Structures are given as C-alpha cells and as structure tokens.
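Trainee: for reference, the sequence and a predicted model appear below.
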Amino acid sequence: MIAVAVVPSLFFKPARPPARPLGARDSAAAATASRDSLAPPLPLPTAATLPSARRAARPRAAPLPTAADTVSLTRPEAVYGFTSLGAGIDRAVLPGYRSFGRGDTGSVQLVRPGDRLLVSRVVLGTDTLRFDQVAFAAERGAGRVTFTGGTGPAQLRLTYAPVANREYLLEVTGELTGLEGRGALLVVGLGTGFVNIEADSAYNYRSYGLSTRARDIEVHNFRAAQPGEVQTIDGPFDWVALKSKYFIGVLLSPDSTRPLLGGAILVGRERENRTAKAADSYVTLPVGPDGRFRYQFYLGPQRHGTLGPIGRELERASPYGWIFQPIVMPVAGWITRLFLWMNENLRLSYGWVLVIFGVMVRLLLWPLNQKAMKSQVAMMAVQPLMQDLQKRYKNDPQKLQSEMMKLYKEHKVNPLGGCLPPLLPLPVLLALFFVFNNTIELRGAPFLWLPDLSAKDPLYIIPLVMGGSMFFVSKLSMAGMGATSNPQAQMQAKMMTYVLPVMMTVFFLNFASGLNLYYAVMNIVTLPQQWIINKARRAEMARRNMPHPPTAAKPAS
C-alpha cells in the first residue's frame with residue numbers, strides 16, 4: 001500500500017503552472033535579521049506582471065519612511081498590531097495557543113519580524129501606486145482602526161473592524177480617491193509565510209503554501225516555486241489563503257455568491273538546503289469606478305469549529321490524504337467531529353477519547369471478525385477438494401475457475417470473507433495519521449507521560465507497547481490457525497509473528513504518540529477477542545469433523 005501511494009508520485013510529478021516572467025523589478029528595504037525574520041525581499045509585482053493590467057511604466061514610489069507607528073486592535077481571542085507604514089498587519093498574537101518553537105515559550109505570534117500583511121499597491125493603467133511605502137495616519141474609534149494616506153494625487157482610506165460573532169475575522173473596507181473615476185486593480189500582500197512556532201519545523205515548512213478556491217480547492221506549496229520564479233495563478237477566486245500546518249490567513253471575496261478576487265501571485269525565495277521557508281504572496285482585487293472596495297480577512301487557527309461557521313469550505317483549505325483523499329478526507333472529518341464532541345460533551349481529555357475510540361472500533365468489528373473466522377474455517381474445509389480440482393483441470397484455467405465457483409457455491413464459501421475485516425481498520429488508521437498531523441485541537445494535548453499527542457513520544461514507550469501488543473496478537477492468531485508442515489506457510493507465519501511487529505514499531509517510532517496510543521489500545525483489546533475466536537474456531541472445526549489446531553502454535557520439525 002505504501003509503495004502504491006508513494007512510488008508513482010516520485011516518477012509522475014504534477015506539472016507546475018507555467019511561470020510568467022517579471023517585468024520591471026522593484027526592491028524594498030531589507031528587514032531585521034533573525035531566525036525567522038525576512039530575508040531581503042525579492043522583486044514584487046508591478047503592472048507588468050498582473051493579470052488584466054497593461055505593461056507598466058516606472059512605478060511611482062514614495063521615499064520609504066525610516067520609522068513607523070503601531071496601533072493594536074484587541075479581541076478576546078487575538079491581538080492584531082497594525083503599522084502605519086503601509087497600513088498593514090505586522091503582529092498577530094493568539095493568547096489561546098502556545099508556541100512550541102525552539103527557545104520560545106510564549107503565545108503564538110504569527111507575523112514574521114519585518115513582514116507586513118494586507119499592505120496595498122494599486123495598478124492604474126500603466127502606473128503602479130506604492131501605498132505599501134506610504135506613512136499612513138491612524139485613527140481609533142468604536143472598536144475599529146482607520147488609516148488614511150496618499151501618494152501623489154491618490155488617497156487611500158482603510159478601515160479594519162472585527163466581524164460580530166466571528167472569531168479571528170476582520171472586515172476591511174477601503175476607498176480610493178483622486179483617480180478621476182477610473183477603475184483600478186488592487187494588489188494586496190499576504191506576506192511571506194508565518195513564524196515557525198512548531199517543534200517539528202521541517203513538517204511545518206512543508207505545509208507552507210497558498211490555497212485557492214474557485215470551483216475546487218487547490219494548494220500551491222512554497223516548494224513548488226523555485227527561487228526567483230513568479231507563478232501567476234489565474235482566478236477568479238472566492239478566497240485565497242496563506243497557510244502553515246495549523247494556522248491560516250484567508251482573504252475572502254466580499255460576496256460569497258461571486259468569486260470576485262482576480263487572482264494570486266507566488267514569488268519563490270531562496271531556500272535553505274531543499275526547504276522552502278518563505279515565498280512572497282499576493283492577491284489581486286478589482287476596484288470599481290467609485291474607488292470603493294471591501295473584503296474580509298481571517299487570521300488565526302485552522303480550527304474546524306471556527307472556520308466551519310464562516311462557510312465557503314474554509315475548513316478544507318488544507319486538504320490531505322494523498323491519492324486516497326476522496327476516502328481519507330470524509331473519514332478524517334467524521335473522526336475529528338467525533339473527537340471534538342466527546343471532548344466537549346463528555347469532558348474527556350483527548351487521550352481518553354483515543355482509548356475509548358480504539359475500544360469502540362474493535363467492538364464494532366467483532367461481528368465481522370466472527371464471520372471472517374467462519375469463512376476461514378470453511379475455506380480450510382474445502383481445501384482438499386480445491387487441490388483435487390487444481391490437479392484435474394491444471395491445463396484448463398477457464399474450466400478450473402468455473403468448477404471452483406461451483407464448489408464455493410455448493411459449500412457456501414466466500415473466498416474473500418476472511419480478507420475484509422483485517423482491512424477495515426486501515427482507512428481509519430490512515431485517516432487518523434492525517435488527523436493528528438492537521439487537527440489543531442490535538443496540538444499540545446497531553447496524556448499521562450505524553451506531552452503532546454500530535455508529536456512523537458520522547459521516551460518511545462508507546463511505540464514499544466504498540467509493537468509488543470502487535471506481536472502477541474500475531475502469536476495468538478497463528479496459534480489459532482495451528483501448525484503446518486508447509487515450509488512456505490511456516491515462513492509466512494514467522495514473518496507475521498516476528499518480523500512485522502518489529503518493522504511496524506520502527507516505522508511508528510516518530511509518528512504521533514496519539515496514533516501509537518490508538519493502535520496499541522486496538523491491539524490490546526484484540527487479545528481477548530482473538531482468544532475467543534480461537535476457541536470458536538476449534539468448535540467450528542470439530543463440528544465439521546476437521547482436525548483442530550493445538551492450543552499453542554508449534555513449529556514443524
């Protein structure tokens with residue numbers, strides 16, 4: 001299954017959208033240097049590189065101010081800081097979430113030092129107005145922040161206000177004046193990516209990218225843009241999102257019934273080894289002749305309970321599941337909702353939710369396991385007859401297949417009846433793998449000695465428990481099948497009993513400890529079930545007058 005899932009992607013890589021060359025290139029000042037601060041920005045888009053705009057003349061750029069004032073907009077769930085330089089967001093603190101970045105023990109702060117979100121440029125005919133370099137005047141009042149600034153004859157007024165009953169959501173309204181009624185194209189910057197605030201920084205950086213929604217949701221990862229490459233992603237879009245593993249900044253079209261965002265732009269940055277930690281990202285939005293525009297901006301966690309009420313499939317901004325996505329996504333969504341319901345309504349920690357869930361899955365599979373056992377015994381009973389048919393019709397495959405189907409029908413044997421129950425837990429296990437890697441509610445959730453169910457066990461205790469329980473399940477299962485003199489069957493039995501548990505333990509060592517906990521509970525609950533199944537198998541074989549297996553598996557001499 002792993003080979004089928006992974007190997008094709010190594011040889012058949014999806015084609016990237018063709019890169020559009022840059023026209024005139026601008027540069028901005030370098031930001032302060034730190035581990036997650038901005039490197040000197042790469043060229044930003046001008047009229048020459050934007051859809052629906054004619055080739056630009058030299059952009060009109062105001063001198064870059066040397067200092068900027070800041071103003072904050074405080075909400076119960078977040079504190080947003082705005083800078084007068086460009087009237088954008090330069091700070092976003094989420095008190096409800098702890099940073100796990102190296103050396104950082106405070107609350108999550110999403111915006112990188114030196115970065116600014118929602119700063120604007122305006123493409124007007126053959127000119128580009130650089131409002132991102134303008135020093136705006138700020139005015140606070142009635143729970144909102146208003147900025148006013150201009151470049152040349154053009155003036156821009158921006159107002160940020162919280163949306164009632166919607167966490168982390170801001171309403172942004174703007175008005176351009178001095179343009180003599182001409183339509184314009186607004187270019188809004190989404191920054192270069194968030195601060196890394198995860199312990200597993202490598203996985204977090206792999207999640208960086210832009211998500212867009214038109215008819216379908218598409219993800220454009222930062223690693224898909226080579227350094228210096230400009231990818232123009234044509235819209236129109238309902239929303240465009242800058243995302244990391246657990247957090248997201250979404251610019252939403254003002255009208256949910258019409259995708260009014262013109263397009264998106266992704267500019268690749270220099271990489272560290274093969275890791276793409278940053279990329280410049282922008283969204284375009286047409287401005288009418290009246291100079292007015294409006295959009296909403298969500299900046300916060302990728303939490304199902306928060307994104308779901310906003311609608312527009314925002315909870316699917318980070319689709320996952322590889323090639324199994326049509327199966328994994330619905331199963332993972334159902335599991336996530338069940339976990340949240342059990343946590344909120346039963347007041348259980350997520351560790352106990354996993355324990356109960358593992359027991360529930362095994363209990364639900366119990367009738368199918370019983371049916372599979374009877375199917376296996378029935379197959380064993382007709383083995384001599386099948387071998388006789390194989391000898392008689394070894395030169396006539398079609399006749400052999402026909403006679404075997406008659407044999408199955410006559411003895412009421414389902415040849416696939418013993419295969420389905422062992423396969424049923426696999427979609428759940430695969431879905432749980434993605435649930436632990438993408439569900440923010442499990443981020444930092446402790447249980448017993450485990451500090452974080454979404455991260456690996458630092459002591460490696462739970463993977464060893466999982467591997468040991470898997471070994472005993474395999475041992476008991478082989479005991480129920482009985483000894484055999486077939487060398488090939490003996491080898492398969494040893495592989496299942498000894499090699500597979502060791503291999504799975506090594507494979508799961510660095511997986512989420514919650515995933516190991518679930519699998520270990522499933523195996524432990526399986527032990528008494530397997531003992532009962534072995535007992536029932538002997539009874540069934542006695543009823544069919546078949547030699548039953550001994551109480552313990554013994555290798556053939």
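Mentor: That came in fine, so what should we check first?
Trainee: please make it C-alpha for all contacts and neighbour counts, starting now.
Mentor: OK.
Trainee: look up how far Leu448 lies from the residue nearest to Ala276 when sequence neighbours are not counted.
Mentor: In space, and not counting its chain neighbours, Ala276 is closest to Arg223: 5.1 Å by CA to CA, 6 or more residues apart in numbering. Distance, Arg223 to Leu448, using CA to CA, to the nearest Å: 37 Å.
Trainee: pLDDT score for the spatially most distant residue from the centre of the chain?
Mentor: Relative to the centre of the chain, and counting by CA atoms, centre = their mean, the farthest-placed residue is Arg392 at 54.9 Å. Looking at Arg392, its pLDDT is 82.
Trainee: do Leu117 as well
Mentor: On the pLDDT scale, Leu117 gets 94.
Trainee: same check on Val499?
Mentor: On the pLDDT scale, Val499 gets 78.
Trainee: can you check Ala372 too?
Mentor: 70.
Trainee: where do the strands sit along the stretch 451-557 of the chain?
Mentor: With DSSP state E, counting those that start in this stretch, there are no strands along the stretch 451-557 of the chain.
Trainee: can you show me the helices along it?
Mentor: 461-481, 487-494, 500-508, 513-543 (DSSP state H, counting those that start in this stretch).
Trainee: nearest to Phe293, out of the ones you listed?
Mentor: For the helices of the stretch 451-557 of the chain, the distance to Phe293 is smallest for helix 513-543, at 45.9 Å, taking CA to CA.
Trainee: what's the closest one packed up against?
Mentor: Helix 513-543 makes packing contacts with helix 350-381, helix 425-438, helix 461-481 when contacts are defined by 3 or more CA pairs under 8 Å, 6 or more residues apart in numbering; DSSP states H and E.
Trainee: swap the cut-off to 6 Å and go again
Mentor: Contact analysis of helix 513-543 by 3 or more CA pairs under 6 Å, 6 or more residues apart in numbering; DSSP states H and E lists helix 350-381, helix 461-481 as its packing neighbours.
Trainee: let's have the ones you listed in CSV, adding distance to Gly300.
Mentor: What follows is those, written out as CSV (distance: least, CA to CA, whole Å):
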stretch, distance to Gly300
helix 350-381, 22
helix 461-481, 32
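Trainee: between Arg223 and Leu448, who's got more neighbours?
Mentor: Just comparing Arg223 and Leu448: by other CA atoms under 10 Å the higher neighbour count belongs to Arg223, 21 against 8.
Trainee: didn't that one look like it was pressed against Ala278?
Mentor: No: the pair Arg223 / Ala278 is not scored as a contact, 8.9 Å apart, by CA atoms under 6 Å.
Trainee: re earlier: closest one to Gly262 among the helices of the stretch 451-557 of the chain?
Mentor: helix 513-543 (41.3 Å).
Trainee: the closest one to helix 425-438, inter-axis angle?
Mentor: Per axes from the mean of the first three to the mean of the last three CA atoms, to 10 degrees, the angle that helix 513-543 makes with helix 425-438 is 170 degrees.
Trainee: go through helix 513-543 and flag the buried ones.
Mentor: 513-527, 529-531, 533-534, 536-538, 540-541 (16 or more other CA atoms under 10 Å).
Trainee: tell me the angle it makes with helix 461-481.
Mentor: 10 degrees.
Trainee: roughly how far is helix 513-543 from the heart of the chain?
Mentor: Relative to the chain's own centre, helix 513-543 is displaced by 33 Å; criterion: CA atoms, centre = their mean, to the nearest Å.
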